[in-house]
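Enquirer: Task: produce atomic coordinates for the following.
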Amino acid sequence: MSARSPRVGAVVLTYNSAADLPTSLDGLIAQQEIDTRIIIVDNASNPESLASMEAVFRSRFPDGVILDVSDANPSYFEKASAIFVRNPQNMGYSAGNNVGARLAVRLGCETVLIVNPDIRISDPRFVVTLWSGMQSDERCLVASPRILTLAGRDEHPLRESSFWEELLWMRQYGPPKFRPASYVVPPKGAVPVEAEKVHGSCLMVRSSFLEQIGFLDEAVFLYSEEPILAAGVRSANGRLIVFPEAKAIHSHIASAKGNASRRMLKFIKSRLYYLDTYTGYGPVQRAALHVSYGMLAMLHWIKARFSPA
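Expert: Prediction:
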């Protein structure tokens, strides 16, 4: 009896993503040389967007399964070409992706590929390239492609901020001329690059590692998922590696994501959770960071209070 070929679970978390989903799905459907199971998890999109995405799903996967998260039993769709799961509420990035990741693990996927719906993939060997790169290094727990913006700018690899950069948030979130470099040297050619953290819009994670850490930390609704994941990798003596031979385009448009100050308030809440929980800073350092970020939060609260929604 021949061994089963490797299986990757591709999780696409959607929220009012009708405009992006068709292109994202087409890139995943075109993947070759590896068994890629596509799992869409919808985070309570509005009815119009949800209906549009379900129509796209049915057109791409006539034998796919659409069901509510309460009915998400793998025995229903072991042989289904794809799965569409409806969440009754917006669970955020980590909890939403965990729904798909847990299904992927229960379906026997050795790795989980987290793909935002605004990621564009054109190479039919994209998934197998990432998977092969990960298999070449047993310490590689998270593999990332080279992610480029629509303008061609690298979004990888990223570095973490120092304590003083966190404390002096003016350098982080003030005028660009005061900001420190947040990127290490971008990849050149096809040489893999180890990173302190990688972009959450597209990454591959070993299923065994997800099970080891209890999957993604659901204490944050949005933001700071990348450093939290990186902290888990370091605690497991693992590595995060960017494999630039695999390329993806991130078509993210910040202006489409709502009020900037309200987003910043959510970011500050998640960032402080990360700093308190994962950095090892002592009580005095944490208190100083709370005071500093509290000032930043007050500024953005005032802006949000008097800005249109």
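Enquirer: for the residue nearest the centre of the chain, helix, strand, or coil?
Expert: Among the residues of the chain, the smallest C-alpha distance to the mean C-alpha position (C-alpha atoms, centre = their mean) belongs to Gly200, namely 3.0 Å. The assignment at Gly200 comes out as coil when based on DSSP: H, G, I helix; E, B strand; the rest coil.
Enquirer: correct me, but it touches Tyr93?
Expert: Yes - Gly200 is in contact with Tyr93 according to C-beta atoms under 8 Å; the separation is 6.9 Å. (C-beta placed from N, C-alpha, C; glycine too.)
Enquirer: Now do the shared contacts for these two.
Expert: Listed contacts common to Gly200 and Tyr93 are Glu225; contacts here mean C-beta atoms under 8 Å, 6 or more residues apart in numbering.
Enquirer: what sits up against stretch 100-111?
Expert: Outside of stretch 100-111, the residues within contact range by C-beta under 8 Å, 6+ apart are 4, 6-9, 11-13, 37, 39-41, 72, 74, 78, 83, 85, 112, 114, 131, 134, 204-208, 210-211, 215-216.
Enquirer: what are the C-alpha coordinates of it, in CSV please?
Expert: What follows is stretch 100-111 as a C-alpha-only set of coordinates in CSV (Å, rounded to 0.1, in the frame of the first residue of the first chain):
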residue,chain,number,x,y,z
GLY,A,100,-9.9,26.3,9.8
ALA,A,101,-6.6,25.1,11.3
ARG,A,102,-8.2,22.7,13.7
LEU,A,103,-10.3,21.3,10.8
ALA,A,104,-7.1,20.9,8.7
VAL,A,105,-5.3,19.1,11.4
ARG,A,106,-8.3,16.7,11.9
LEU,A,107,-8.3,16.1,8.2
GLY,A,108,-4.7,14.9,8.4
CYS,A,109,-2.9,18.0,7.0
GLU,A,110,0.7,18.0,8.1
THR,A,111,0.9,21.8,7.6
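Enquirer: buried residues in that stretch?
Expert: Residues of stretch 100-111 classed as buried by neighbour count (16 or more other C-beta atoms under 10 Å): Gly100, Ala101, Arg102, Leu103, Ala104, Val105, Leu107, Cys109, Glu110, Thr111.
Enquirer: What's the mean pLDDT across it?
Expert: Taken as a whole, stretch 100-111 has an average pLDDT of 94.
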